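Novice: Sequence first, predicted coordinates after that:
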Amino acid sequence: MVTFSHTVLVNDPDSTARPIERDLLWTNLLEKAADPVYYVPSITRCAVIERFDDGSFVREIELRHRMTVREHVRPYQSDRIVFEQLNSPVLETITNEIGEDDEGRLTFTLTATLSDKGMEATQHEPGFLMMNDLLFFDTARATVNTLRLTAHALAPAG
């Protein structure tokens with residue numbers, strides 16, 4: 001099993017911008033789960049297909065206007081969202097997780113696990129692992145950059 005994992009600080013330690021707190025980060029990650037187009041550069045369209053009583057839902061995303069993937073999105077305990085791939089040719093799961101580093105600073109971790117077909121691709125496609133590792137690194141950074149730009153703007157007045 002191959003897993004890619006990238007952790008990024010949510011708040012830029014060199015910035016004077018108002019920090020994003022855990023609750024606001026969670027709210028924005030739930031919003032991202034339902035409508036990821038502005039957060040994830042490779043997603044060009046998203047539609048929620050079905051919602052369930054437990055807060056989970058099935059969404060259909062379009063990747064780079066070329067491939068459509070369905071995912072069962074499951075939020076857990078206000079700190080983790082699991083995207084179970086229902087028809088991805090290479091992925092089994094993607095996870096977005098809120099955590100803290102050794103200094104107690106808020107972090108965002110994106111983890112992606114290859115499916116059996118994804119594992120096969122690593123053996124037959126040169127550069128597959130490096131390309132996907134870079135894709136998920138870029139996705140984690142893009143997500144945090146968008147969160148930094150929009151988190152307070154999207155927050156409910158209060």
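Specialist: Done, it's in.

Novice: Looking at strand pairing, list the partners for residue 69.
Specialist: Residues in a beta bridge with residue 69, per DSSP bridges, are residue 61.

Novice: Would you point out the helix or strand in this protein whose mean pLDDT is lowest?
Specialist: Lowest mean confidence among the helices and strands of the chain (mean pLDDT, DSSP states H and E): helix 116-124, at a mean of 87.

Novice: got the contact list for that one?
Specialist: 1-2, 89-92, 114, 128-129 (C-beta atoms under 8 Å, 6 or more residues apart in numbering). Every C-beta, even on glycine, is put in place using the N, C-alpha and C of the backbone.

Novice: out of these, who has the most neighbours?
Specialist: In terms of neighbours by other C-beta atoms under 10 Å, the contacts of helix 116-124 top out with residue 114 at 22 neighbours.

Novice: Over to the nearest residue to that one once chain neighbours are set aside: give its phi and psi.
Specialist: Once flanking residues are discounted, residue 114 sits nearest to residue 2: 4.5 Å by C-beta to C-beta, 6 or more residues apart in numbering. Main-chain dihedrals, residue 2, degrees, to the nearest 10: phi -110, psi 130.

Novice: Check residue 19 too.
Specialist: phi -70, psi 150.

Novice: Surely it is in contact with residue 13?
Specialist: No - the pair residue 19 / residue 13 is not scored as a contact, 9.8 Å apart, by C-beta atoms under 8 Å.

Novice: Mind pulling up the pLDDT for the residue nearest to residue 114?
Specialist: The model reports residue 2 with a pLDDT of 90.

Novice: Spit out the contact partners of residue 10.
Specialist: 20, 25, 98, 105-108, 144, 147-148.
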